[in-house]
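**Q** predicted model and sequence below, questions to follow.
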Amino acid sequence: MSSPLFTPSQLGSLSLKNRIVMAPLTRSRALGNLPNELMEQYYRLRAEAGLIITEGTSPSPNGLGYARIPGLFNAEQVQGWRRVTDGVHQAGGRIFVQLMHTGRVSHPANMPAGASVLAPSAVAVPGEMWTDSDGMQPHPVPREMSEADIAHSIAEYAASAKLAIAAGFDGVELHAANGYLIDQFLNTASNQRHDRWGGAVENRIRFAVEVARATVAAIGAERVGMRISPYGVFNAQLPDAEMDEVYLRLIEELNALGLLYIHIVDHSAMGAPEVSPALKAKLRASFDGQYILSGGYDVARADADLDAQRGDLVAFGRPFISNLDLVAKLKSGQELVAPDFATFYTPGAEGYTDY
Ligand SMILES: Cc1cc2nc3c(=O)[nH]c(=O)nc-3n(C[C@H](O)[C@H](O)[C@H](O)COP(=O)(O)O)c2cc1C
């Protein structure tokens with residue numbers, strides 16, 4: 001009858017005070033792509049979570065596709081993140097950084113000088129995206145990555161992971177979900193290559209596996225997790241006939257690398273197609289590491305899934321935006337405050353640290 005969500009847990013060598021994870025949430029407060037004091041305050045206020053996973057953070061200038069997202073590839077950014085990790089640790093929390101390279105989900109107006117919009121294939125995302133300088137703009141056609149671009153990009157993830165440890169993070173989450181660079185290789189909507197990086201299942205998973213391998217070599221498997229979104233349609237990704245196979249093969253490879261955890265995205269609560277419970281169960285069964293569930297959770301559903309061993313930890317996204325004392329509220333069954341969509345991505349404290 002006790003709630004497993006609030007019981008302490010172990011993630012590799014880290015002890016967590018509960019099984020609640022703060023899901024990665026892009027909030028676009030990093031002016032100049034630099035973590036700042038406001039962000040330190042934002043994360044510290046949410047350190048009651050067993051584990052915080054930061055907003056998507058780019059390992060490369062080429063991955064800064066959205067306005068005001070943070071980076072983690074230079075000394076200044078390390079310094080900024082150091083403040084954030086110190087704040088969270090002082091408050092008794094744990095924190096991983098999510099490494100997100102936006103790939104084709106990008107616009108030159110959002111990127112620093114000299115950066116390029118790169119992707120597996122020269123196929124633009126349909127539609128438009130926000131830029132601070134020119135408002136909504138059509139997505140550009142990305143440059144198809146060469147072998148050298150691919151090797152460079154894999155090395156950037158590994159270098160960024162090292163910087164993450166230097167910045168005091170407890171580990172890194174590789175963002176292979178939601179249509180960003182790693183997912184762009186997994187998915188036929190964005191990967192139309194015929195070389196060893198596209199086509200057959202083993203080729204489509206190669207970039208994800210090589211990024212994971214390089215990151216593990218850089219900081220150790222016990223500090224690396226990966227987020228995946230099978231059947232996700234965000235950023236114009238498309239399901240295909242081989243999708244189960246893609247993820248089952250990917251998990252097999254990640255398992256061989258000894259990855260710490262898999263974090264599975266199910267955005268059916270946000271209107272996306274449901275990830276089949278059968279596939280989720282198969283992925284869990286074939287992976288020896290931990291398994292984080294996410295998408296539309298409340299305490300009852302989280303406890304039911306933990307009790308049924310469908311996952312080890314449960315991530316909450318939107319509830320963490322609008323409830324500073326979320327863990328206490330979940331525990332006491334207090335009503336939650338709904339988030340204000342209008343301030344999800346706006347600069348400043350409003351809708352960020354003032355709920
Ligand atoms: C404002 C906002 C920003 C998000 N940014 C990210 C992100 O940077 N990386 C990521 O993997 N998911 C991101 N997501 C998805 C969330 O991590 C989560 O999967 C989603 O909100 C569903 O969980 P929930 O129902 O608990 O909110 C974002 C979601 C929202 C609402």
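**A** Perfect, thanks for sending it.

**Q** the stretch 151-300 of the chain against the ligand: which residues are in contact?
**A** 175, 177-178, 227, 265, 267, 269-270, 294-297 (Cβ under 6 Å from any ligand atom). For every residue, glycine as well, the C-beta is placed using N, CA and C.

**Q** with secondary structure and neighbour count as added columns, please give these in JSON lines.
**A** Shown next, in JSON lines, are those (DSSP: H, G, I helix; E, B strand; the rest coil; neighbours: other Cβ atoms under 10 Å):
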{"residue": "H175", "secondary structure": "strand", "neighbour count": "28"}
{"residue": "A177", "secondary structure": "coil", "neighbour count": "28"}
{"residue": "N178", "secondary structure": "coil", "neighbour count": "23"}
{"residue": "R227", "secondary structure": "strand", "neighbour count": "28"}
{"residue": "V265", "secondary structure": "strand", "neighbour count": "26"}
{"residue": "H267", "secondary structure": "helix", "neighbour count": "21"}
{"residue": "A269", "secondary structure": "helix", "neighbour count": "14"}
{"residue": "M270", "secondary structure": "helix", "neighbour count": "12"}
{"residue": "S294", "secondary structure": "strand", "neighbour count": "24"}
{"residue": "G295", "secondary structure": "coil", "neighbour count": "21"}
{"residue": "G296", "secondary structure": "coil", "neighbour count": "13"}
{"residue": "Y297", "secondary structure": "coil", "neighbour count": "24"}
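
**Q** export the residues you listed to TSV and append columns for distance to D195 and pLDDT.
**A** Formatted as TSV, these follow (distance: Cβ to Cβ, whole Å; pLDDT from 0 to 100):
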residue	distance to D195	pLDDT
H175	24	98
A177	24	98
N178	25	96
R227	26	98
V265	28	94
H267	31	86
A269	37	80
M270	34	80
S294	33	96
G295	34	95
G296	38	94
Y297	40	96
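
**Q** name the nearest of these relative to F287.
**A** Proximity of those to F287 (Cβ to Cβ) peaks at R227, which lies at 13.4 Å.

**Q** which residue comes closest to the closest one once chain neighbours are left out?
**A** Using Cβ to Cβ, 6 or more residues apart in numbering and skipping the chain neighbours, the partner closest in space to R227 is H263 (4.1 Å).

**Q** so what's the one you found bridging to?
**A** R227, I292 (DSSP bridges).

**Q** circling back: export the residues of the stretch 151-300 of the chain next to the ligand to TSV and tack on distance to D354?
**A** Below are those laid out as TSV (distance: Cβ to Cβ, whole Å):
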residue	distance to D354
H175	28
A177	29
N178	27
R227	28
V265	28
H267	27
A269	26
M270	24
S294	25
G295	26
G296	25
Y297	25
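
**Q** tell me where the stretch 1-150 of the chain has helices.
**A** 37-44, 75-90, 147-166 (DSSP state H, counting those that start in this stretch).
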